[in-house]
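Q: Quick one: sequence plus predicted model below, questions after.
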Amino acid sequence: MALTQRLEFRQSQSLVMTPQLMQAIKLLQLSNLDLTTFVEEELERNPLLERANDEAPAGEAPAETGQFSDSDGRHNDEPGGGPGEAFEPGQEEWMSKDLGTRAEIEQTLDTGLDNVFSEEPAEAAARNAQDAAPTTYTEWGGGASGDEDYNLEAFVAAEITLGDHLAEQLSVAFTGPAQRMIGQYLIDLVDEAGYLPPDLGQAAERLGASQADVEDVLAVLQKFDPPGVCARNLSECLAIQLRELDRYDPAMQALVEHLDLLAKRDIASLRKLCGVDDEDIADMIGEIRRLNPKPGMKFGSARLQTMVPDVYVRPGPDGGWHVELNSDTLPRVLVNQTYYSELSKKIGKDGDKSYFTDALQNATWLVRALDQRARTILKVATEIVRQQDGFFTHGVAHLRPLNLKAVADAIQMHESTVSRVTANKYMATNRGTFELKYFFTASIASADGGEAHSAEAVRHHIKQLIDSEAPAAILSDDTIVERLRASGIDIACRTVAKYREAMRIPSSVQRRRDKQSALGNVLSTAMPDRSRNTEPA
């Protein structure tokens with residue numbers, strides 16, 4: 001076997017994941033807030049990038065032009081070109097004019113110079129200037145004094161949080177530093193609803209204090225405003241509020257300790273445990289309902305972020321739907337080609353040339369990537385609207401089953417690209433604002449072999465059946481399955497139970513207790529009114 005050398009040409013294709021391509025893929029799945037943050041970082045990092053709406057203030061000279069000297073190095077004394085342009089036309093003449101003697105000046109002013117120019121000490125003048133009230137917005141510390149920069153929000157007081165409210169009471173309740181430290185540590189553990197963790201053993205161990213000291217401080221914290229704060233569970237929270245109202249008797253204590261029976265509407269067992277009759281147990285339950293199970297929610301400690309849609313869908317004049325991007329969420333950046341051309345003529349070092357060349361390439365790539373991202377989002381959203389036309393026209397009951405592959409095949413893209421586009425994106429429609437992933441639902445076979453049904457539409461159908469059931473005829477899961485099959489939806493009983501639990505709908509037994517209890521309350525309220533109306537006048 002002879003070994004020889006030879007040259008061969010082979011043609012092949014391969015996908016190379018360049019950093020620019022990886023960054024473009026990352027941009028697809030960013031939300032509008034994350035995208036804005038990313039673009040802001042690039043604007044700070046890349047000198048060739050600029051915002052599309054950036055405009056130089058009127059009358060402002062470019063940074064490259066000199067303001068104080070001309071090309072020959074001499075001072076620029078032309079009118080309006082030097083530093084003395086702020087003087088009024090007649091100001092220099094007034095300063096050079098001879099005002100005459102003191103007597104002539106006093107005769108001109110019709111008063112003595114001592115009345116015009118007081119001879120106060122310098123210290124008094126400085127003190128008066130310091131004590132004088134600020135006259136401009138800048139002196140108050142709010143920024144520039146111009147009307148366009150006036151910010152009224154600078155004067156708005158900050159919202160008091162639950163932690164701040166409890167800390168103010170803590171400084172009055174305790175004087176010892178050890179107790180204040182324990183109290184502040186427990187306040188930091190309170191969540192937004194006003195609850196503490198169930199186990200406070202780690203708090204005593206971490207602070208190096210005894211469990212008794214922690215319990216003593218906790219007992220004081222539980223007397224703070226709002227009532228029920230610093231409780232470790234719901235029963236303790238309700239008990240604190242009942243003690244505040246002086247209504248925590250043995251019967252009420254038994255009721256609070258068995259809230260699970262109250263949740264199940266097992267009124268008979270509660271009546272036996274509390275040792276009261278039907279009228280008393282109804283009054284006790286009414287008092288429990290008037291309490292606040294989350295006392296800390298009145299203090300808005302968490303700031304909610306407004307959901308900004310990326311796509312708008314509006315009815316068109318021809319009966320279709322008009323899809324457009326929300327231009328307010330799209331950052332606008334441009335490449336400053338003029339700045340690059342000027343720099344390329346003056347840069348002499350190879351390292352500097354390489355830096356600005358890379359900056360130009362990155363800036364150009366970012367502009368193209370943002371444009372491609374917007375086009376891709378619009379293309380995917382348009383196809384979703386076309387596929388789910390029944391939802392936009394008739395409602396959720398007409399939501400069709402849809403998967404990523406169907407959209408990807410229609411727009412000739414990969415499924416992973418569609419998945420990234422629909423992540424963290426929202427669509428504002430005539431029926432509300434929905435995440436793009438909401439329109440992708442699983443399919444459920446039809447009972448008669450017809451078109452499959454969307455899982456979301458089936459959930460909506462189940463909720464309609466349960467909402468319309470009568471108190472005397474509560475629908476079980478098996479009955480719901482039969483009615484769905486009569487409507488052409490083939491679904492198993494366990495699937496009905498799964499959908500029902502996902503919608504936080506209780507079982508048929510629990511619903512029967514709830515509706516019968518509500519009906520009993522209505523009848524008991526109406527009977528005294530009826531007896532009062534039948535009395536003779």
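A: Happy to help now that I have it.

Q: Okay, helices next: where are they in the stretch 401-537 of the chain?
A: All helices of the stretch 401-537 of the chain, identified by DSSP state H, counting those that start in this stretch, fall at 404-411, 415-422, 455-467, 477-486, 493-502, 508-534.

Q: mind listing what Ile384 touches?
A: Leu402, Val407, Met427, Leu436, Phe439 (Cβ atoms under 8 Å, 6 or more residues apart in numbering). Any C-beta I mention is one placed from the backbone N, CA and C, and that applies to glycine too.

Q: Quick one: those residues as JSON lines, columns for distance to Thr479 too.
A: JSON lines is the format used below for those (distance: Cβ to Cβ, whole Å):
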{"residue": "Leu402", "distance to Thr479": "30"}
{"residue": "Val407", "distance to Thr479": "37"}
{"residue": "Met427", "distance to Thr479": "36"}
{"residue": "Leu436", "distance to Thr479": "36"}
{"residue": "Phe439", "distance to Thr479": "30"}
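
Q: Out of these, the closest to Ile281 would be?
A: Phe439 (48.3 Å; Cβ to Cβ).

Q: got a list of what the closest one touches?
A: Ile384, Gln387, Gln388, Phe391, Leu399, Leu402.

Q: Give the burial count for Gly275, as a bare number.
A: 11 (other Cβ atoms under 10 Å).

Q: next one: Arg271
A: With other Cβ under 10 Å as criterion, Arg271 counts 17.

Q: cool, and Arg10?
A: 4.

Q: name the element it belongs to?
A: In this assignment (DSSP states H and E), Arg10 forms part of neither any helix nor any strand.

Q: Please report phi then psi for it.
A: phi -130, psi 140 (degrees, to the nearest 10).

Q: Any regions of the stretch 151-300 of the chain where pLDDT drops low?
A: Applying pLDDT under 70 to the stretch 151-300 of the chain flags residues 151-158, 300.

Q: what residues are up against the residue lying closest to Ser31 once chain neighbours are set aside?
A: Nearest residue to Ser31 in three dimensions, chain neighbours excluded: Asn424, at 3.7 Å (Cβ to Cβ, 6 or more residues apart in numbering). Neighbouring residues of Asn424 by Cβ under 8 Å, 6+ apart: Gln29, Leu30, Ser31, Asp34, Glu435.

Q: got it, and Arg373?
A: Arg373 neighbours (Cβ under 8 Å, 6+ apart): Ala24, Leu27, Leu28.

Q: distance between the ends of stretch 246-259?
A: Stretch 246-259 stretches 20 Å from its first residue to its last (Cα to Cα, to the nearest Å).

Q: quick one: buried residues of that stretch?
A: Along stretch 246-259, these residues count as buried under the neighbour rule (16 or more other Cβ atoms under 10 Å): Tyr248, Ala251, Met252, Ala254, Leu255, Val256, His258, Leu259.

Q: Now do the biggest helix by length in the chain against helix 404-411: the angle between them, please.
A: Counting residues, the longest helix found in the chain (DSSP state H) is helix 350-387. If you take axes from the mean of the first three to the mean of the last three Cα atoms, to 10 degrees, helix 350-387 sits at 100 degrees to helix 404-411.

Q: if we can go back for a sec, nearest to Asp283, of the contacts of Phe439?
A: Using Cβ to Cβ, the contacts of Phe439 come closest to Asp283 at Leu399, 46.2 Å.

Q: For that closest one, grab the count of nearby residues.
A: Counted with other Cβ under 10 Å, Leu399 comes out at 23.

Q: and the gap between it and Gly432?
A: Note on Leu399: its distance to Gly432, by Cβ to Cβ, to the nearest Å, is 13 Å.

Q: re the thing from before, out of the contacts of Ile384, who's the most crowded?
A: Neighbour max across the contacts of Ile384 (other Cβ under 10 Å) = Val407, 26 neighbours.

Q: what's the distance between it and Glu324?
A: Relative to Glu324, and taking Cβ to Cβ, Val407 is found at 19 Å.
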